[in-house]
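Student: show me how the following folds:
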Amino acid sequence: MCLGAGVAGETATSVALVFASISIAGVLCVRAIVLGRRGGGNPTASRTTGFALMVVAIGSALGIGIAVTRAWLPWATLAAATPGLATAVALAMRPSAPLKTVGWLLALMSAAAALMLISAAS
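Tutor: Numbers count the residues shown, from 1 in each chain. Reported below is the predicted structural model:
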């Protein structure tokens, strides 16, 4: 969508990487929490999903960080992705949080990322 709107390729890549990372981390976060609770909980599946979340979060942060330090992407990319990734990991490590709260916090982090990317692109 960004490229169709005439946005620079660097900005479009930033938007895609940030939202892909945050979305995948959010899904894994909710999945880890649900697996830990539903039907008495499945601790093994919950831990495995939590591990996958950590791999995605660390891999995304490292990949974006490398791209930023090599000047392939703007610094706003890392600044926009980090809070969402950290929130997803923190919430997954506290499976007692209500799912409604988890959902709203993840949505807030997506909105914050969008605001950071928009302000950096302006």
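
Student: quick one: the helices in the protein?
Tutor: 9-37, 43-69, 75-93, 99-121 (DSSP state H).

Student: identify each buried residue in the longest one, please.
Tutor: In other words, helix 9-37. The neighbour-count check on helix 9-37 (16 or more other C-beta atoms under 10 Å) flags 11-15, 17-19, 21-22, 24-26, 28-36 as buried. Placement of C-beta: from N, CA and C, glycine included.

Student: pull the contacting residues for A80.
Tutor: Contacts here follow C-beta atoms under 8 Å, 6 or more residues apart in numbering; on that basis A80 touches S14, V18, A112, A113, A114, M116, L117, A120.

Student: let's go with 6 Å and repeat that
Tutor: Under the criterion of C-beta atoms under 6 Å, 6 or more residues apart in numbering, the contact list for A80 reads V18, A113, M116, L117.

Student: from the centroid of the chain, which residue is nearest?
Tutor: Closest to where the C-alpha atoms of the chain average out (C-alpha atoms, centre = their mean) is I22, at 1.9 Å.

Student: returning to what we had before: will you turn the helices of the chain into JSON lines that also has mean pLDDT?
Tutor: Formatted as JSON lines, these follow (pLDDT from 0 to 100):
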{"stretch": "helix 9-37", "mean pLDDT": "86"}
{"stretch": "helix 43-69", "mean pLDDT": "93"}
{"stretch": "helix 75-93", "mean pLDDT": "91"}
{"stretch": "helix 99-121", "mean pLDDT": "86"}
